[in-house]
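Colleague: no sequence for this one, just the structure:
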């Protein structure tokens, strides 16, 4: 399985690049890349060309900058189709989930590699989590067709694909506090995350 960390977002609500925010001395991009690298055969970053001068992994230039998460997913699937042998899965993860764990990603990898679906995606109280999901290379043609047709909502594309949904029963054991898929969308979110991590470090 090939890992891809998505780091191409505009971070409009956050006010600065979320990927470069530091928690426990590491940027979110570095933290997420390390977690994904530990469970995948290799890891790449999808981001606009030249956005990160010293990235923690090889960067695949986003082929569709400004087109949202679906453009990044399509870039990742195109990359594994052209550059990796066999019929690989892509583990595609956003870089703004501070409570994501390697244990859960390992579980997701196992589920995907034993699945007949083309997308294996967890579902939280907020709905599907397509930026913490496994996408098979065979999904590329349908994703490309949907993109070319003007669709940009990732969940709409998933409806066109054979999908395996991991409901709460499949991941709650990795996340008893319900924070696994938290996104840092605002500075207030970041401050809340920082305080939670600080409390965890206290004896």
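Modeller: Sure thing, it's come through. This structure is a prediction, so every number in the text was calculated from the model and none was measured. Numbering: from 1, shown residues only.

Colleague: name the nearest residue to residue 47, sequence neighbours excluded.
Modeller: residue 7 (4.3 Å; CB to CB, 6 or more residues apart in numbering). For the C-beta atoms, the positions are set from N, CA and C on the backbone; glycine is no exception.

Colleague: wait, that neighbour touches residue 45, no?
Modeller: Yes: using CB atoms under 8 Å, residue 7 is in contact with residue 45, at 5.5 Å.

Colleague: touching both of those two, which residues are there?
Modeller: 29, 52 (CB atoms under 8 Å, 6 or more residues apart in numbering).

Colleague: burial measure for the residue nearest to residue 47, as a count.
Modeller: Neighbours of residue 7 under the rule other CB atoms under 10 Å: 28.

Colleague: can you tell me the helix or strand for the closest residue to residue 126 other than its chain neighbours?
Modeller: Distances taken as CB to CB, 6+ apart put residue 181 closest to residue 126, at 7.2 Å, once the chain neighbours are dropped. Under the criterion DSSP states H and E, no helix or strand holds residue 181.

Colleague: again with residue 34
Modeller: Assigned by DSSP H and E, residue 34 falls within helix 28-39.

Colleague: check which helices and strands that helix sits against.
Modeller: strand 2-6, strand 42-47, strand 89-94, helix 102-113 (3 or more CB pairs under 8 Å, 6 or more residues apart in numbering; DSSP states H and E).

Colleague: reformat the ones you listed as JSON lines; add mean neighbour count and distance to residue 194.
Modeller: Compiled in JSON lines, those are given as follows (neighbours: other CB atoms under 10 Å; distance: least, CB to CB, whole Å):
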{"stretch": "strand 2-6", "mean neighbour count": "26", "distance to residue 194": "21"}
{"stretch": "strand 42-47", "mean neighbour count": "23", "distance to residue 194": "24"}
{"stretch": "strand 89-94", "mean neighbour count": "26", "distance to residue 194": "19"}
{"stretch": "helix 102-113", "mean neighbour count": "18", "distance to residue 194": "21"}
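
Colleague: CSV please, covering the ones you listed and showing distance to residue 120 and mean pLDDT.
Modeller: Below are these laid out as CSV (distance: least, CB to CB, whole Å; pLDDT from 0 to 100):
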stretch, distance to residue 120, mean pLDDT
strand 2-6, 14, 96
strand 42-47, 18, 96
strand 89-94, 8, 97
helix 102-113, 4, 96
